[in-house]
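# Starting from these lines, generate the structure:
(chains A and B)
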Amino acid sequence: MSSEDLKRALEKIVEPSSVHARDYERNGCLLEIGAEPGQLPAIARAARDAGFFLEFITAVDFADGPVAVYQFNECETISRTQVKVQLAREESLPSIGSVYDAALWYEREVFDLFGIRFDNHPDLRRLLLPEDADFHPLLKEYGKVHAFRSAREIYVDQDA
Amino acid sequence: MSTRTPETVTEHTFYLNLGPQHPSTHGVLRLFVKLDGEYVMEVDPIIGYGHRGHEKMAESHFYEQFLPNTPRMDYLSGMLFNHAYVAAVEKMTGIKPPPRAEYIRVVCAELNRVASHLMWLGAYLMDLGGVTPFFYAFDDRENILDILDRVSGSRLTYNYCRFGGVARDVDDTFIGATRDFIKRLRGRWKDYNNLVTKNVIFIHRTRDVGVIDKDIALRFGCTGPVLRAAGVPYDVRRVEPYSVYSELDFEIPTGVNGDALDRYMIRLREMEQSLRIIEQALDRLPGGPIRTPTPNKVRPPKGDYYFAAESARGALGYYIVSDGSEYPYRLKVRVPSYGNLQTLTEVLPGTLVADTICILGSIDIVVPEIDR
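Coordinates of the predicted model:
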């Protein structure tokens, strides 16, 4: 069970061109996958079958819509794998809570802080903020913000 | 809450709020427990009482200005959070701290890990009804707080590391006090074993209680002593060594059953390993400067970075997205207690209410770390 196994499994799910090797020494991450929302459950199952655990789910808000970041890791070797999903505003994601129980809370947190909805989540309540909160604080439109950039500006060509 | 009332309620079924101000919850945590008589049927941990928005705060502060926030997330292992954040930003910017600073950081971080485990030990045994060990553990822990207070200036929320080094140099008094403490704590193991490890009541309260096996641990993303008690020797210090851990010799204790007793044993053995690390680091402590000069404002190159470290409770990580400016574009902290606490939703159903406290305590959560 290694990063190579996962890479082979993932190349059957997503376009091989969206699987990128990354510089671990620089970024702390070995593999990056650009995925479509619909491919997420299959990716999560592949990661689980390769012996990976879900390290976290989060999102980053950009001017052209948020990017959801899923990170998987494994216990024996360095094999950290990141899955990034570019979303349009108000676009929802499929829940992977049936694959990883850990996702149930991470998805609630992402919903809470970014307002991204997860389809088929059994219990999509706010996690950290009060039940009656009416804002999503980690969106860049909330509070004092220094920069609001597009995802391309930051993610593309960073390893060049 | 009306939506969560089940359709068929027997006369023995009722809901109980454990917390938010329950003494065993170590912070502000509410467990919404559905009970059938004495047995737990469902549990819904409600968190967020200590949410301070650290991740939002980071976006409007310079990288340096966020330093004091890091130890306030997990106030029991603040040095470890501080160290990991500094190491993450150093990796992004390519700043290399001098070797002396690296060794000082490791000594302080491991001292803090021992303090955190001692605090857990005292508080956990108090949860189980044994008051005496609490005083022993706090007595020992007080020594560490004094040692760290001398160099960092604070007792709990150590803001000691700086980009490119540490804030103050350590002197012979610090080294002497640390060596004395190691000797003292090694002399204490006998007391702890006689008081606790061999105590029949303690063994009966914890053996086969709250079993978190490898399967549950991996599904919930548990790390740290909880995962190691299930027999998985995963330690970030070993798998992806940072700082100078690759040069130091230490073992990774693992358990077999993953019950509360295993988690207790793991933490006790981890303290001994931390003492070994501190001894080696003190023996090898090189001379030289404690800080490399860094610009007043660091501006990491564009891109996203992840840095993992081992906190007292498991794998800690900083995911930082930089847009090339002096403010982080996004800073996410992956905290270990998050997954560890979530396992309660699977482990608690079917156990007795009295064991709820035993299991909750054995996981060693710090709620403000989860809330951020």
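# and residue 86, what does it touch?
Went with chain A since none was named. Contacts for A:Gln86 (C-beta atoms under 8 Å, 6 or more residues apart in numbering or on different chains) come out as A:34, A:64-65, A:67, A:151. Yep, even glycine has a C-beta here, placed from its N, CA and C like the rest.
# let's do chain B instead
B:67, B:105, B:161-163.
# looking at the residues you listed, which has the most residues close by?
In terms of neighbour count, B:Cys161 stands highest of the contacts of B:Val86 at 29 neighbours, by other C-beta atoms under 10 Å in any protein chain shown.
# what about the residue nearest to it when sequence neighbours are not counted, which SS state?
Of all residues not flanking B:Cys161 in the chain, B:Val86 sits nearest, at 4.0 Å (C-beta to C-beta, 6 or more residues apart in numbering or on different chains). Classification of B:Val86 using DSSP: H, G, I helix; E, B strand; the rest coil returns helix.
# list the buried ones in whatever helix or strand B:Arg184 lives in?
Secondary structure from DSSP states H and E places B:Arg184 in helix B:172-192. Across helix B:172-192, burial judged by 16 or more other C-beta atoms under 10 Å in any protein chain shown covers B:174, B:177-178, B:181-182, B:185, B:188, B:192.
# so what does that helix touch, helix or strand wise?
helix B:99-127, helix B:132-152, helix B:260-284 (3 or more C-beta pairs under 8 Å, 6 or more residues apart in numbering or on different chains; DSSP states H and E).
# re the thing from before, what's the farthest-apart pair in the contacts of B:Val86?
The largest distance within these, taken as C-beta to C-beta, falls between B:Leu67 and B:Arg105 and amounts to 13.6 Å.
# and for the two, which residues touch both?
Joint contacts of B:Leu67 and B:Arg105 (C-beta under 8 Å, 6+ apart) are B:86, B:161.
# Now, of the contacts of A:Gln86, which are buried?
Counted by 16+ other C-beta under 10 Å, these give A:34, A:67, A:151 as buried.
# Where does confidence bottom out across these?
Lowest pLDDT among these: A:Ala151, with 77.
# Surely that residue touches A:Ala68?
No - applying C-beta atoms under 8 Å as the test, A:Ala151 and A:Ala68 come out as separate, 11.1 Å apart.
# Kindly indicate which of the contacts of B:Val86 lies nearest B:Lys332.
After measuring the contacts of B:Val86 against B:Lys332 - C-beta to C-beta - the closest member comes out as B:Leu67, at 17.0 Å.
# Tell me the bridge partners for the nearest residue to A:Leu31 once chain neighbours are set aside.
Spatial nearest neighbour of A:Leu31, chain neighbours left out: A:Thr81 (4.4 Å); criterion: C-beta to C-beta, 6+ apart. Assessed by DSSP bridges, A:Thr81 has beta-bridge partners A:Leu31, A:Phe72.
# just the one 5 residues further on next, same as before
For A:Gln86, the beta-bridge partners are A:Val67 (DSSP bridges).
# Contacts only, for the nearest residue to B:Thr351 once chain neighbours are set aside.
Nearest residue to B:Thr351, sequence neighbours excluded (C-beta to C-beta, 6+ apart): B:Val40, at 5.5 Å. Each residue near B:Val40 by C-beta under 8 Å, 6+ apart is listed here: B:33-34, B:348-353, B:356.
# farthest-separated two in these?
B:Lys34 and B:Leu352 (13.9 Å).
# Which of those two has more residues huddled nearby?
Shown here are B:Lys34 and B:Leu352; by other C-beta under 10 Å, B:Lys34 has more neighbours (19 against 14).
# now the more buried one, nearest residue through space, not along the chain?
Nearest one to B:Lys34, counting by C-beta to C-beta, 6+ apart, is B:Glu42 at 4.2 Å.
# Ramachandran coordinates for that neighbour?
phi -150, psi 150 (degrees, to the nearest 10).
# Check B:Tyr318 too.
Backbone torsions for B:Tyr318, taken as degrees, to the nearest 10, come to phi -110, psi 120.
# Same check on B:Asp36?
Residue torsions, per degrees, to the nearest 10, at B:Asp36 are phi -120, psi 100.
# Count the neighbours of it for me.
13.
# Which secondary structure state does the residue of the stretch 1-150 of chain B found nearest chain A sit in?
Here the residue of the stretch 1-150 of chain B nearest chain A is B:Gly48; by C-beta to the nearest C-beta that distance is 4.0 Å. Three-state call for B:Gly48 (three-state DSSP): coil.
# Might one say that it is in contact with A:Arg125?
No - B:Gly48 is beyond contact range of A:Arg125, at 10.6 Å (criterion: C-beta under 8 Å).
# more crowded one of these two?
Per other C-beta under 10 Å, whichever of B:Gly48 and A:Arg125 has more neighbours is B:Gly48, with 21 against 12.
# Now do the contacts for the more buried one.
By C-beta under 8 Å, 6+ apart, the residues touching B:Gly48 are A:126-130, B:371.
# Go through those and flag which are in strands.
If you go by DSSP state E, the contacts of B:Gly48 have nothing in strands.
# Residues touching the top helix by length along chain A, excluding its own?
The helix that spans the most residues within chain A, counting by DSSP state H, is helix A:102-114. Where contact means C-beta under 8 Å, 6+ apart, the residues beyond helix A:102-114 that reach it are A:44, A:53-54, A:56-59, A:61, A:66, A:68, A:93, A:95-97, A:116-118, A:121-129, A:133, A:136-139, B:55, B:219-221, B:338-339, B:342.
# Report the buried members of these.
A:44, A:53-54, A:56-59, A:61, A:66, A:68, A:93, A:95-97, A:116, A:118, A:121, A:124, A:126-129, A:136-139, B:55, B:219-221, B:338-339, B:342.
# would you turn the contacts of A:Gln86 into JSON lines with secondary structure?
What follows is the contacts of A:Gln86, written out as JSON lines (three-state DSSP):
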{"residue": "A:Gly34", "secondary structure": "strand"}
{"residue": "A:Asp64", "secondary structure": "coil"}
{"residue": "A:Gly65", "secondary structure": "coil"}
{"residue": "A:Val67", "secondary structure": "strand"}
{"residue": "A:Ala151", "secondary structure": "helix"}
